[in-house]
Each structure stands twice: as C-alpha cells, then as structure tokens.
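A.B. asks: Quick one: sequence plus predicted model below, questions after.
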Amino acid sequence: MSVQPIVAQDTPALEAFIQRASGRGAALAEIGLPTRRVEAWRYTPLRAIADTAWTQAAPLASESVSALLNGLPLPESGARMVYGNGRFLEGLSVPLDIAQQASDHVSPLKGVFCATLNMALGEKGLDLHIPAGTDAGLLTLISLSSGDTVSTHLQHRIVLEEGASLTLYDVNAGEGRYIANPRFDIVVGKGATLRHIKLQRESLSGTHLTIVSADVSEKGEYDSFTLNQGGSLARHEAVVTLNAPHAMVHVNGVQIVDGQRLNDLTSMIHHAAPDGSSRQTVKTVLSDAGQGVFQGKILVDRVAQKTDGYQMNQALLLSEKAQINSKPELEIYADDVKCSHGATVGALDDEQLFYLRSRGVPEAQARDILVRAFLIDALDLVADEALRDLLVRSMAS
Amino acid sequence: MPAVTETRETVEKLAKSSYEWGFETDIEMDIAPKGLNEETVRLISERKGEPQWMLDWRLKAFRAWLEMEEPTWAHIHHPPIDYQDAHYFAQPKKKPGPKSLDEVDPELLKTYAKLGIPLHEQALLAGVEGAEEARLPVAVDAVFDSVSVATTFRKTLAEAGVIFCPISEAIREHPELVQKYLGTVVPVSDNFFGALNSAVFTDGSFVYIPEGVRCPMELSTYFRINARNTGQFERTLIIAEDRATVSYLEGCTAPQRDENQLHAAVVELIAMEDASIKYSTVQNWYPGDDEGRGGIYNFVTKRGICRGARSKISWTQVETGSAITWKYPSCVLAGEGSVGEFYSVAVTNNHQQADTGTKMIHLAPNTRSTIIAKTISAGQSDSTYRGLVRMQPKARNARNFTQCDSLLIGDQCGAHTVPYIESRNMTARVEHEATTSKISEDQLFYCRSRGLSEEDAVGLIVNGFCREVLKELPMEFAVEAQKLLQISLEGSVG
C-alpha cells in the first residue's frame, strides 16, 4: 500500500506559479497544491489545473472587453471599476466620488491555498478606504479574464471606517481557459455595513478561486451573497471573523451547476466575540453531471457567549448523474449559545409536479416554477432589489 | 447569571466524585513480553492453537499495519502512543474446572461482584461444573482480559442451532464459517486500528444465527480490561442468516489505572435476507482522573453490512467512559430495502475526548437509515459527532434522516458536529439537522421550584434529552444505562 501525498509538489502548475512569483513563492512552495487528501479540498479536485504551466495574462484587447461586457447584467449607473486580465481599465471605470486613502490591511490566512496563491502572484486591485460616517453607495467591480492557460490574481483591499457603508456588486466573467484567483481583504469598522453581492459567471472552461477574508467590528455588518453560475471549477471561499460584540454576518449563496462543472461554496464563520449573530442559507441546483460542494463551518470561541448562529444548506438534484457533497460543521466552545444547522438533499417533489401538471402547466415549465420556488428564499436575502433583479436575469440567461 | 454559576459549581463539585468501578483484580497471568513484531503475532497465534490460515491472515494484517499511518483527522489530542511499550497477550492461568464457587479464585468472584453479576451467573462464568443447568434469560460470554473464561447457555443456544462462543474456539471448531466471513466487513487493511486488531486480536465473541432462527435470548458480553499494560484487542463477528434475528449487548467497565491503555476492537456484523441484528453498547471504561490522566484510549472499528434484501442493522450506544473515544459504528446497506439505524448518547466530562458518529453507506434502492446522536459535554471535555451519509448512484429512493443535538454544561468544554453528506442519486433524500445549546434556565428553574435538587434537576433534564436513544436499548440495559448516566451525571453533568 502506498501512501498518497497530501499535497502535490512537483506539478507543472505549482512549478510555474513559484517561478513567476520569483521571491514571493516560499509560502506557496511550502503548502503545495492540495490533493483531495487535504480536508478542505476533499470534494474539489484541483487535478484539472495541476498539469498546466499557467502564465501571466496579456493585456485584454478592447474588442474582447466590450464583447464580454455586453453579455453581463450590470446596473446602468453608479461607480464602476473594471479590470481586464488583472489590469485596471481606467477608460471604462468611474471611481467612487469620495476622498480615499490607501489601506494596507492584509489578513494572515495561513495555510489557505487560494490566499497563498494570490499572495505569491498578486496584482493590485481595489484599494478602498471609506471614511467614517460615509455612505459610499453602490460600486460595481467587474473582473474580466480572457486567454488560454493564463492566470490572474487580483488583490482587493476594502476598509470601512466607523459607521461607513458600501454596496459592492462583484461581477466575474471571461472567455477561454484561465484561472481567476481574486482575494478580498475586508475590514468592516464599528457600526459599518458592507453588502457584498457577487456574480460568478466565468467561462465554461475557466477556473475561479476566490478567497474573502472579512473582519467585522462591533455592531458591524458583513452581508454577502454569492451566485455561483459559471466556471468549469469554481470555489468561493469566505473566512469571516466577528471580532467584537454584536457583529452580524450573512454568507448566503445560490449555486446553479450543469454540464460537467463543479461549483463550491466554502465558508468559515468565526465567532470570536460575544453577542454576535450569523446567518447562512445556501441553495444548490444540480443538473446534467454537475457537482455541487458546500462546506460551511461555524466556529464559536470560548469568549463568544450568546452567539446566535444558523446555517441551512439545501440541494436539489435534477438529473441522474448530478452529485452533491455537503459538509455543514459546528465547532463550539462556548456554552451559552444558540447554534443550529440543517441540510437537505433531494429531487423535485413528484406531488408538487403533479399538482402543476394537473392545472395544465407543461412539464418543463412546471419544473422551472418549482426550481425558482426552491431558490426564492435564498435570493430574497439580497436586500437590494435592483441587484436582486440583475441576479435573477443572470440566472435566466 | 447566578444560576449559570450555580450549575457550574454543582457540576464541578460532582465531577470530583471518583470512578465507582475502578478496581483491579490480582490474578495469576500468562503474559507475553512487551513489544509488537511478527514474533508477537506468531506467539499469539501459537498460544491460541490457531491453524496456519489464521496465522497467515494475521501476518497479512500486520504487514498492512506497518505500512499505515496513525490517523490524525479526529478532533482528539493525546501523547504519541508507543506501540512497542505494551503487552499484546495476557491470559489468566488455566486451572481445572472448580467443583463449586468456593473453589473459584476469590479475586475473580470479587470482580464479578463489583460488576454486579448475580451469583448463579458468576458460577457459570467461573466455569463451575453443572452450573449450566440453571436457566437465565441472558447469555453471558465474559471476556476477562482477552480470553473468554466461560461461555454460558451453550446448550440452550445449541438447541436452537445458535453458535455463541469465543472467537478463538470458533476458529478451531467452525473454521469454514470464520474463514468465510472474517474480514469481509472490515478488511485487514481497512484502517490503522482495524489492521492492528486483525494482527493481534486475542479473543472476542462469535455468533452465528442459522436461517429462520430467532435467537432465544439476548446475548451479552462483559468486557473487562484487567492486567496492567495489556492492550485489549477484541474481535467480534456476528452472522445472521436469512430471516434470523439477534440482539447483542456489550457492556464495559474497567479498573482504575495510571497509564493510558489502548483498546482497539473490531466488530463485524453480517445480516442476510430479512435478517435483523441489534447491537447495543454501554461503554464505561475508566475515563482518567480529574486531570485526564490514566484513562482508556478506545479506538474501535464497528461496521455491519446488510447483505440481504430487507435486512436490518441497528446500533445503539451509550458512551460515558474512556479518556478518548474514537468510534464510528457504520452500516453498509447493500441489500434492497435494507435498514440501518444509529442511536447514540455520548457523555464527556473532565478532560475526556470523544470523536464518535456513524457512516451510512446506501448502495441499494429503497434503503433507509436513521441517525439520532446526542452529545453532552461538561468540564474541560471535547465531544465531536462525525458522520457520513452517502447515497451511491444505485440508491434509488433511499432515505436518511439525521438529528444531532449537543448539550454544553460549563464554559470550558466543546461540542462539535461534522456531518458529511454525499448524494449521487437524485431520488435519494437526505435530511440533517443539528442543534447546540445549554440546559435552559427555564427548565432548571421549573424543576427546582418543584423541589428537585440542582443535581436531580440536571439529571432529569439530561435523561429527557437522551430519551430517544435510551428507549432503543433492550430493557435490562436501559435501566443500567439510565443509572450510568445518573452516575456520570453525578460525576459529570448533574
């Protein structure tokens, strides 16, 4: 019996990354490319990216930029920051109209592959510092990727000072075979609110590996929603820490997986202070040979008394070959808490289908209605109606 | 929150009550030298008078074990185990059968008395001639440090065609059955502790229920770990042929000691068409002292396979003892319409650690499984529920329902829930729910206001919390388990 290595060190992908990172690749070399024996990657194999020497992407031609932008559900107005292949496209961008200063906040995130890969190859992305008491409104962040065997690694830093607020609409799209590996280092100050609405519709042969690190202060709120809809392999990973009392966190999402694709939503909600609350609703709809992954952990420290944590994840399997792997996890060290999670997996309810059919609704339409009904209570968690409509539009296309 | 403080104080006070059944029996032992190598394996096999195929099987397991690494994924911490610093074989010295209880080693009798085994049953266990004529509703196969001292009710069971004997005897007398089934559910190279067990197991129980037979009595084994520094490696194999039914009870208590003791048992259950096996465990091994020193390490592999259509395997466990528990009684549902059940109560206190749960592997259509797991943590203990529900592509219309509830008592303990849900069939339905909470002040206040002491109130509430599981135990065991909870509750949760 041979013992399989936990991480793969000698893959062309890893070698190319380390070489590109020149001086910054030590941490990456140390953690390697995780195999499925690494618990966090148990259900999401990185084999498909291991054999390619991913190169730095060339600047994006303006015609491909406009072609990609055309197909996207975007708000008509508001500030907009556009990035193409890891480069800021100033001509297409409309910055936020507020005074800003640079932020140097970076979370440690030791041992997290997506974060380490990003740190080795990072390209400068958003650098937002919203001053105290400012409502910065809506900012649309558009990250476009295009090419063959290229990778981009945008680094975004967002700091909201006391009482500040921002709605970030984070849109990801592309064409070709690439890796998009963005990283967000977020600080939500005292009483501040960040709404992070993400739309992931990468190319069907693209790989998307996001890592979000958010630290939330007293009475601060990080309210996130992710629509995972594209990519041959896409993971949205969020590490959210409630580090002062009365913080509030939402890590919600919907995943729509078809073809041979794999979509993964992984989160770690860390209650490190008392009186915090966290809510999580994740729904996955799977058809064809799609694979869905949900890994959600709620960690409650000894000091985090009176924590209120709730997590629900549900999957709907619409085809014989679809599969779901779900791992909701509670790790609790405080006694005066209220934490619960629930998970369900199943197919469409035959009785409901029959009910609709008996009212004259054609089968395809009846199924469609039931799938929408399944998703609606997750989508309703997007408070901003205009953005919710854009997500619904995206799901329909 | 004065009430919370009070609860904690009560619990802390209670936690100091010592292990009631910590005692050690001084009996002459035949002990193998310390250490583990091929020679040890050969020695064990030779002492047991085993045939060549059995030795070969053990050696295969031992070689597999050498290649394996100790698993580290469980939520437990302990100093590294030196597998060379233990005796792998200890056997009470053989004497000719005593004529009456008066001739039996008084130390052995004392042990039985402390275990609460009735006198007539003691006579049977000690091998007193003629004692087997007495009739009792429960058959006991006492495993007294690795060798079954006596097996009772052989005759009654034999009349029904049931074989219930030490596995070492089965290897000699029913080699065709043992060869056919041993290692088919837990293969020799299944996991680190399972492989270790396969290489060095000294004894255990063998049960064979022939076609169409409902076992006439509950079968029961008292496990004891007795000699200092002898790892205990039990092997249990239960086979229920078509339409056979059996209920098996396993209960454990162990003497107090200073050094951690390793226990790595393997239990294999095989249920054929329409057969039913119910396996109940009450585990109360020495958990270590208040500081967590000296308790038993309990690394157990338990797995059953429902081979036949409509067969059923049901695991019920009450886990209150051991310093570390690492145990996942599982069901492989291979027969169409077969049923797997897992009911568990795990109580940890002081520095105890438990990482326990189940696996339900649905291979066939219309299979069903139910998981009810109750976890209670107190003191500085950590308790984890870890479970897997897997629906394979052929598991059409399979169903699973899982419920895990954790109760935390005190702010120095931890309770964790790690379920894995994997579905590859759209018609399969999986439901999982889990909660974590503490004893509500309202419930406590209600009980206190009716005149119950704090301790009784907590005991009552915890018993209520566990009721769904306790009611699954066979009657005699349910009473014992409730008492055990109460004592653990005296020593841990109220």
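C.D. replies: Right, received. Where do you want to start? Residues are numbered from 1 along each chain as shown, chains lettered A, B, ... in the order given.
A.B. asks: And A:S267, its phi and psi?
C.D. replies: Phi and psi for A:S267, reported as degrees, to the nearest 10, are phi -140, psi 150.
A.B. asks: With A:A396 instead?
C.D. replies: Dihedral angles for A:A396 - degrees, to the nearest 10 - are phi -80, psi -20.
A.B. asks: Distance of it relative to A:I256?
C.D. replies: Distance of A:A396 to A:I256, given as CB to CB, to the nearest Å: 11 Å. The C-beta positions use only the backbone N, C-alpha and C, and glycine is treated the same way.
A.B. asks: now A:I18
C.D. replies: A:I18 sits 35 Å away from A:I256, going by CB to CB.
A.B. asks: higher neighbour count, the two?
C.D. replies: The residue with more neighbours, out of A:I18 and A:I256, is A:I256; 22 against 17, by other CB atoms under 10 Å in any protein chain shown.
A.B. asks: Let me know the helix or strand that the more buried one is in.
C.D. replies: Using DSSP states H and E, A:I256 sits in strand A:248-257.
A.B. asks: Now that strand: average pLDDT?
C.D. replies: Computed over strand A:248-257, the mean pLDDT rounds to 97.
A.B. asks: Packing partners of it?
C.D. replies: Packed against strand A:248-257, as judged by 3 or more CB pairs under 8 Å, 6 or more residues apart in numbering or on different chains; DSSP states H and E, are the following elements: strand A:207-216, strand A:221-228, strand A:233-242, strand A:262-271, strand A:277-286, strand A:291-300, helix A:363-379, helix A:385-396.
A.B. asks: Make sure A:L121 is actually in contact with A:Q155.
C.D. replies: No: here A:L121 does not reach A:Q155: they are 9.5 Å apart, not a contact under CB atoms under 8 Å.
A.B. asks: So these two - more neighbours on which side?
C.D. replies: A:L121 (23 against 20).
A.B. asks: show me the contacts for the more buried one.
C.D. replies: By CB atoms under 8 Å, 6 or more residues apart in numbering or on different chains, the contact list for A:L121 reads A:F17, A:R20, A:A21, A:R24, A:S151, A:H153, A:N181.
A.B. asks: Counting neighbours, which of those residues comes out on top?
C.D. replies: A:N181 (29 neighbours).
A.B. asks: Quick one: residues contacting A:E123.
C.D. replies: A:G86, A:R87, A:T152, A:H153, A:L154, A:Q155.
A.B. asks: And the third one, how far from A:L194?
C.D. replies: What that stands for is A:T152. As judged by CB to CB, A:T152 and A:L194 stand 23 Å apart.
A.B. asks: What of the first one?
C.D. replies: From A:G86 across to A:L194, the span is 23 Å (CB to CB).
A.B. asks: In terms of helices and strands, where is the spatially most central residue of chain B?
C.D. replies: Geometric centre of chain B, nearest residue: B:T281, 4.9 Å, by CA atoms, centre = their mean. Element membership of B:T281 [criterion: DSSP H and E] is strand B:276-284.
A.B. asks: For that strand, name the packing helices and strands.
C.D. replies: Judged by 3+ CB pairs under 8 Å, 6+ apart, strand B:276-284 is in contact with strand B:235-240, strand B:245-253, strand B:266-271, strand B:296-306, strand B:312-319, helix B:475-488.
A.B. asks: Give me the pLDDT value at the residue of the stretch 1-150 of chain B found nearest chain A.
C.D. replies: Nearest residue of the stretch 1-150 of chain B to chain A (CB to the nearest CB) works out as B:E67 at 4.7 Å. As summarised for this prediction, B:E67 has a pLDDT of 89.
A.B. asks: Tell me, how many residues neighbour it?
C.D. replies: Residues near B:E67, counting by other CB under 10 Å: 11.
A.B. asks: For B:R235, see how far away it is.
C.D. replies: From B:E67 to B:R235 the distance is 21 Å (CB to CB).
A.B. asks: for A:W41, same thing?
C.D. replies: 36 Å.
A.B. asks: mind listing the helices in the chain by residue range?
C.D. replies: Went with chain A since none was named. Along chain A, the segments classed as helices by DSSP state H run A:12-21, A:26-31, A:47-50, A:62-70, A:113-121, A:350-358, A:363-379, A:385-396.
A.B. asks: Not quite, go with chain B.
C.D. replies: B:2-15, B:38-47, B:52-67, B:106-115, B:119-125, B:154-159, B:167-173, B:175-181, B:192-200, B:441-449, B:454-470, B:475-488.
A.B. asks: which other residues reach the second one?
C.D. replies: Think helix B:38-47. With CB under 8 Å, 6+ apart as the test, helix B:38-47 has contacts from B:30, B:32, B:54-55, B:58-59, B:62, B:88-89, B:91, B:199-200, B:202.
A.B. asks: Pull out the buried positions in it.
C.D. replies: B:T40, B:V41, B:L43, B:I44, B:S45 (16 or more other CB atoms under 10 Å in any protein chain shown).
A.B. asks: which residues of the chain score low on pLDDT?
C.D. replies: No chain specified, so I'll use chain A. Along chain A, segments meeting pLDDT under 70 span A:1-5, A:99-101, A:103.
A.B. asks: To clarify, I was referring to chain B.
C.D. replies: For chain B, residues meeting the criterion pLDDT under 70 lie at B:1-30, B:90-154, B:221-231, B:252-260, B:476, B:480, B:483, B:486-494.
A.B. asks: Identify the residue nearest B:L219 in space, chain neighbours excluded?
C.D. replies: Leaving aside its chain neighbours, B:L219 sits nearest to B:Y248 (4.8 Å; criterion: CB to CB, 6 or more residues apart in numbering or on different chains).
A.B. asks: Surely the one you found and B:T281 touch.
C.D. replies: No: if you go by CB under 8 Å, B:Y248 and B:T281 don't touch, sitting 9.2 Å apart.
A.B. asks: tell me which residues form a beta bridge with B:T245?
C.D. replies: B:R214, B:S276 (DSSP bridges).
A.B. asks: Pretty sure it sits against B:M217.
C.D. replies: No: using CB under 8 Å, B:T245 is not in contact with B:M217, being 11.7 Å away.
A.B. asks: so who does the residue of the stretch 51-200 of chain A found nearest chain B touch?
C.D. replies: Here the stretch 51-200 of chain A gets closest to chain B at one residue, A:G111, 15.0 Å apart by CB to the nearest CB. Contacts for A:G111 were tallied using CB under 8 Å, 6+ apart; they are A:I31.
A.B. asks: where does it fall, phi/psi-wise?
C.D. replies: phi 80, psi 0.
A.B. asks: Excluding residues flanking it in the chain, which one is nearest A:A136?
C.D. replies: Using CB to CB, 6+ apart, the closest residue to A:A136 is A:L166 (4.4 Å).
A.B. asks: In contact with that neighbour, which residues?
C.D. replies: The contact partners of A:L166, by CB under 8 Å, 6+ apart, come to A:L128, A:I130, A:D135, A:A136, A:G137, A:L139, A:I158, A:L160, A:T193, A:L194, A:R195.
A.B. asks: ok, the fifth one - how many residues close by?
C.D. replies: Looking back up the chat, that one is A:G137. If we define neighbours as other CB under 10 Å, then A:G137 has 14 of them.
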